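> with the sequence up front, the predicted model follows.
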Amino acid sequence: MNKKELVAAIAEKSEVTKKDVEKVMQSFTEVVSEELAKGEKIQMVGFGTFEVAERAEREGRNPKSGEVMTIAASKSPKFKAGKALKDIVNK
């Protein structure tokens, strides 16, 4: 399912216009992105948690030459599914 199909499905289920659903989805992604950029965690009980995982600087190898190189520290967004969502998926 792509974004367009998701918007259509939510609009049909909630009896709201596609335009309004699209605005809400855009706002949702902006708020989640802004909060994660600040290092905050977003918990949606029953659905899941959005948070930032930090990776320390580490050594790696260039697969082509075998040369040892340093991989810089980084942050990565992470989603952990909640119990209710896991239960639905595993039915």
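Okay, I see it.

> can you pull the contacts of the most centrally placed residue in the chain?
Central residue check for the chain by CA atoms, centre = their mean: the C-alpha nearest the mean position is that of residue 79, 5.3 Å away. Residue 79 is in contact with 48-50, counting by CB atoms under 8 Å, 6 or more residues apart in numbering. Yep, even glycine has a C-beta here, placed from its N, CA and C like the rest.

> helix or strand next in line after the helix or strand containing it, which one?
Counting by DSSP states H and E, the element that carries residue 79 is strand 74-81. The element immediately downstream of strand 74-81 (helix or strand, assigned by DSSP H and E) is helix 83-89.

> run through who's touching that next one.
Contacts of helix 83-89 (CB under 8 Å, 6+ apart): 46-48, 81.

> can you show me the CA trace of it as CSV?
Output of helix 83-89 as CSV, limited to C-alpha atoms (Å, rounded to 0.1, in the frame of the first residue of the first chain):
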residue,chain,number,x,y,z
LYS,A,83,1.7,-5.5,22.0
ALA,A,84,-1.8,-4.9,20.4
LEU,A,85,-0.3,-4.3,17.0
LYS,A,86,1.9,-7.4,17.3
ASP,A,87,-1.2,-9.5,18.3
ILE,A,88,-3.2,-8.3,15.3
VAL,A,89,-0.3,-9.1,12.9
